[in-house]
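**Student:** When you get a sec, could you give me coordinates for this:
(2 chains)
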Number of protein chains: 2
Amino acid sequence: MDPIAQLVAKAGKRLGPKAVITDPKEIEPWVIDWRGRVHGESRAMLAPSSTEDVVEIVRLAAEYGVPLVPQGGNTGMAAGATPPGDGSALLVSMRRMNRIRSMRADDRLALAEAGVILATLHDAAHEAGMRFPLTLGARGSCTIGGLASTNAGGTQVLKFGTMRSLVAGVEAVLPDGSVHSGLSGLKKDNRGYSLDQLLIGAEGTLGVVTAVALRLVPAIAARAVAWAGVESPSKALDLLRFLEGRTSSIEGFELIPHASLDLVLKHVPNTRAPLSGEHAWNVLVEATTADGDTDIGAELEQLLAAALQQGMIGDAVLAASEGQAEAFWKLRDSISEAERADGQTLAHDISVAVADMPEFLTKASTKVERAFPGTVATGFGHLGDGNIHFHVRAGSHAAPDWYESEGADITRFVDDLVTAAGGSISAEHGIGQLKREEFARLAPPGRVHALRAIKQALDPLGIMNPGKLVP
Amino acid sequence: MDPIAQLVAKAGKRLGPKAVITDPKEIEPWVIDWRGRVHGESRAMLAPSSTEDVVEIVRLAAEYGVPLVPQGGNTGMAAGATPPGDGSALLVSMRRMNRIRSMRADDRLALAEAGVILATLHDAAHEAGMRFPLTLGARGSCTIGGLASTNAGGTQVLKFGTMRSLVAGVEAVLPDGSVHSGLSGLKKDNRGYSLDQLLIGAEGTLGVVTAVALRLVPAIAARAVAWAGVESPSKALDLLRFLEGRTSSIEGFELIPHASLDLVLKHVPNTRAPLSGEHAWNVLVEATTADGDTDIGAELEQLLAAALQQGMIGDAVLAASEGQAEAFWKLRDSISEAERADGQTLAHDISVAVADMPEFLTKASTKVERAFPGTVATGFGHLGDGNIHFHVRAGSHAAPDWYESEGADITRFVDDLVTAAGGSISAEHGIGQLKREEFARLAPPGRVHALRAIKQALDPLGIMNPGKLVP
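**Tutor:** You can find the predicted model right below:
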């Protein structure tokens, strides 16, 4: 028997039949990344139900020299959880580890296993009278382990930060089979290098995250959502700073160019423009309060009225109901879908310093459109985080193989612009497999050296998600 | 010439005479840790004035195999910046790198070099209409680099977290002489393992921190400080949760036992008890607001009145003036000084989960006093962080060499209790040299292995602060 077959046989004997899936039909949906770009192969899918199971699996992996690819909801944007195509590695599905071990409103902490789905955690926190503030489009499928392993961001980062800020501790099985237990919930602990922080964003290359301690915040008592028209990204940033200087309640601030809104209105049913006039740029603002006595709608309305008077914005409307608030958010959340419906699109998840984003956005769009005639380059998203989804669309006259033939060139061009601006070619999606080559091309040699040294030190056998993240 | 002499000569030639201090008188104050416990030796003290200087020094250290001991204000509690006693290493004083490179209220970011003194940064932030919220007793001497390298805490952690939460990026010279430039101020950046987070709390063992990007918060418009008497740590925690459930303005919450207050009143001039009655425990509460319209005093008074009515506290008084607020804080800040004046004291900087602290505190004190008759064990400090300074006093009948003869036994006893409770033997002071043995004794083998592997991977020549932190 080859090593993989031996490992699978032993795992079945030790962990029980439920923990080893060998039916190719059952495995198939999980070996393709969700955007359908990367097709991998895994002869079996291991499905541990406890940390002890994961220890057993990691030990077997070391014994047989078979690499593991940990996976949560398979919603990653960089194919970081997709196994290699040669079948040399085994998928480890964390989805059976889906217990919320505890949910404590008094300590403001939840302990969730890696396979807990984000929406499930949201609901559980809500039932406990609390809130886990991080959220993103894939909330119905993505898992806590995957969110921690990719240091996920989303739409509420402005106020609460990425997973790195919200994780109070990590439990993980390290490549040597030892368990790192960081779930004690200690608020202060200075015993050496933070393995918790090292595992966050490591994309499963340093160990398998099995559970996470998460910080909770007070439940929302009320929210207000508004839509504003502005003439430029620079004005949008002025607005954000105006608001942030006057209230601590702003937690969402999304920038949407006119062209993206138009595409949504064209392709997505049951959508309408919030404002009657035409504005070059739009901003979606969300303010929330945990205090039931605050009239958050009135506060936001007043602030927007003042911004209007000062010429920061051209027009604005406050959502009159939860339904309208949802409709505003739907416009924002449908941009990628509308773009896909319109033709070929190349997405770049980039960041620069917040103050530099308006200028970067304007200049980069112009440069890309000049260098690649026919393309349309626009950016939308989390202006307040300096994080824009910079999308380049093929334009109506593009060849059907535009994505394959021109994609890599355009991406290199964009990544060069971002790097020259001191920015990041991966703001929130991670490196995975899809961005590894570009990361290797653009990262400073000292950084590449340090990442490789850490990887080699902690995973000398190379059994943890090989071919991902580390250049 | 021996390697140290060669290195010093070359450093003088390349960096100029100001960067190399060889007068033993000038060096002397810096080779003894500030509590006077550890005496080290350094034949010269290198004093770089720029990141380039540090690169040069690190390259020379690697070339000649001479280890470096980076040092800021020399105010550490674990002798992490004190060179070894055999003179085999060279001190690197970061105090000449004291520029605040930028202070941006709009981005809420300050870029400070490692040698900037905390109080200087406070003042600069204040001038810019902002605030850097972390503070602690040594603020007039401690430096930003040291604070980052030890993941310092202090009295405002409850609301703003430790340095780990407040550092937006780190610039450091790595052991291979490359510069890690993490000062871009990107709010989102998912390009692999976070070297920033790895360097925070690494106590100079993985590189020399040369500059730090720090998060600023809005300036305080007003603060209210109150003193309350409670019958137990458990009631104190009830009070904290009562307050936190009703306001987000609490940023200081310090627990002080009756015995500690008594010692302060006895030994520290110009102090008086805030409350007339006697309470087994005291709590110092600080509430702040950035909003000029909020009457923070009235809010805190109202909440304390409600807590009094519910039997959570026995009595409370709001400071009537800034002067009285300072007097309340002076009581808290003088505890260590009063204890020293009273006799020999053994300090333990420990943490357990917040919810477990009241029980731990009561039981641990009883156990220590029983195991070591004559001693008095009390805890005071940051209850809301689960971080208590657990001090064991010798008692009046102790031998003059009590500290040396019994200290290690008592500390092991306390550390065992903390470890059994799932806590940390170093909450905010770090490991340095003083806690290294205990850390090695109590840390899980997997953790020890991981820390050693990371250290070896990034500093294979062992030139970065050897003998510190890593077990």
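
**Student:** going forward, measure contacts and count neighbours with C-alpha atoms only.
**Tutor:** OK.

**Student:** who's in contact with the residue of the stretch 51-200 of chain A found nearest chain B?
**Tutor:** Residue nearest to chain B within the stretch 51-200 of chain A: A:Asp189 (4.3 Å; Cα to the nearest Cα). Listed by Cα atoms under 8 Å, 6 or more residues apart in numbering or on different chains, the contact set of A:Asp189 reads B:Ser351, B:Ser424, B:Ser426, B:Ala427, B:Glu428.

**Student:** Against chain A, which of these make the cut? List them.
**Tutor:** The overlap between these and the neighbours of chain A (Cα under 8 Å from any Cα of the partner chain) comes to B:Ser351, B:Ser424, B:Ser426, B:Ala427, B:Glu428.

**Student:** what about the nearest residue to the fourth one once chain neighbours are set aside, distance to B:Gly207?
**Tutor:** Using Cα to Cα, 6 or more residues apart in numbering or on different chains and skipping the chain neighbours, the partner closest in space to B:Ala427 is A:Asp189 (4.3 Å). A:Asp189 sits 21 Å away from B:Gly207, going by Cα to Cα, to the nearest Å.

**Student:** try A:Ser42
**Tutor:** A:Ser42 is 40 Å from B:Gly207, where distance means Cα to Cα.

**Student:** residues from the stretch 51-200 of chain A in reach of chain B?
**Tutor:** Neighbours of chain B within the stretch 51-200 of chain A, by Cα under 8 Å from any Cα: A:106-107, A:150-151, A:153, A:162, A:165, A:176, A:178-180, A:184-194, A:197-200.

**Student:** Would you mind checking those residues for buried ones?
**Tutor:** For these, a neighbour count by 16 or more other Cα atoms under 10 Å in any protein chain shown gives the buried set as A:106, A:150-151, A:153, A:162, A:176, A:178-180, A:184-194, A:197-200.

**Student:** Strands - which of those land there?
**Tutor:** Judged by DSSP state E, those include A:Val179, A:His180 as members of strands.

**Student:** Show the model's pLDDT score for the residue lying closest to A:Arg104 once chain neighbours are set aside.
**Tutor:** Nearest residue to A:Arg104 in three dimensions, chain neighbours excluded: A:Ala110, at 6.1 Å (Cα to Cα, 6+ apart). pLDDT, A:Ala110: 98.

**Student:** what helices or strands is the host helix or strand of A:Ala110 leaning on?
**Tutor:** A:Ala110 belongs to strand A:109-113 when assigned by DSSP states H and E. Contact here means 3 or more Cα pairs under 8 Å, 6 or more residues apart in numbering or on different chains; DSSP states H and E; on that basis strand A:109-113 packs against strand A:100-104, helix A:144-149, strand A:208-215.

**Student:** can we see that at 7 Å?
**Tutor:** Applying 3 or more Cα pairs under 7 Å, 6 or more residues apart in numbering or on different chains; DSSP states H and E, one finds that strand A:109-113 contacts strand A:100-104, strand A:208-215.

**Student:** Run through who's touching that strand.
**Tutor:** For strand A:109-113, contacts defined as Cα atoms under 7 Å, 6 or more residues apart in numbering or on different chains pick out A:97-104, A:210-216.

**Student:** neighbour-wise, which of these leads?
**Tutor:** When neighbours are counted by other Cα atoms under 10 Å in any protein chain shown, A:Ala211 leads these with 30 neighbours.

**Student:** Model confidence score at the residue nearest to that residue when sequence neighbours are not counted, please.
**Tutor:** Excluding the flanking residues, the one nearest A:Ala211 by Cα to Cα, 6+ apart is A:Glu113, at 3.9 Å. Looking at A:Glu113, its pLDDT reads 98.

**Student:** and if you look at A:Ala408?
**Tutor:** Here, the pLDDT recorded for A:Ala408 equals 96.

**Student:** The one 5 residues further on now?
**Tutor:** The predicted structure scores A:Phe413 at 98 on the pLDDT scale.

**Student:** and it, that one's in a helix?
**Tutor:** Yes. With DSSP: H, G, I helix; E, B strand; the rest coil as the criterion, A:Phe413 is located in a helix.

**Student:** Which strand or helix spans the residue nearest to it when sequence neighbours are not counted?
**Tutor:** Excluding the flanking residues, the one nearest A:Phe413 by Cα to Cα, 6+ apart is A:Val368, at 7.5 Å. Assigned by DSSP H and E, A:Val368 belongs to helix A:357-371.

**Student:** and that helix, how far out from the chain's middle?
**Tutor:** Relative to its chain's centre, helix A:357-371 lies at 24 Å (Cα atoms, centre = their mean, to the nearest Å).

**Student:** Off-centre distance for the helix or strand just after that helix?
**Tutor:** Downstream of helix A:357-371, the first helix or strand assigned by DSSP H and E is strand A:376-382. Centre-to-centre, strand A:376-382 and its host chain are 17 Å apart (Cα atoms, centre = their mean).

**Student:** So which other helices or strands are in contact with the helix or strand that strand A:376-382 is followed by?
**Tutor:** Toward the C-terminus, strand A:376-382 is succeeded by strand A:387-393 as the next helix or strand (DSSP H and E). Secondary-structure packing of strand A:387-393 (3+ Cα pairs under 7 Å, 6+ apart): strand A:345-351, strand A:376-382.

**Student:** what angle sits between the least confident helix or strand in chain A by mean pLDDT and strand A:387-393?
**Tutor:** When each helix and strand of chain A is scored by mean pLDDT, DSSP states H and E, helix A:335-342 comes last, with a mean of 90. In terms of direction (axes from the mean of the first three to the mean of the last three Cα atoms, to 10 degrees), helix A:335-342 departs from strand A:387-393 by 0 degrees.

**Student:** give me phi/psi at the residue nearest the centre of chain A?
**Tutor:** The centroid of chain A falls nearest to A:Ala152 when counting by Cα atoms, centre = their mean (3.7 Å). In terms of degrees, to the nearest 10, the main-chain angles of A:Ala152 are phi -60, psi 150.

**Student:** That one against A:Glu428, yeah?
**Tutor:** Yes. With contact defined as Cα atoms under 7 Å, A:Ala152 counts as touching A:Glu428 (5.8 Å).

**Student:** Quick one: closest of the helices and strands packed on strand A:387-393 to chain B.
**Tutor:** Closest of the helices and strands packed on strand A:387-393 to chain B is strand A:345-351, at 6.6 Å (criterion: Cα to the nearest Cα).
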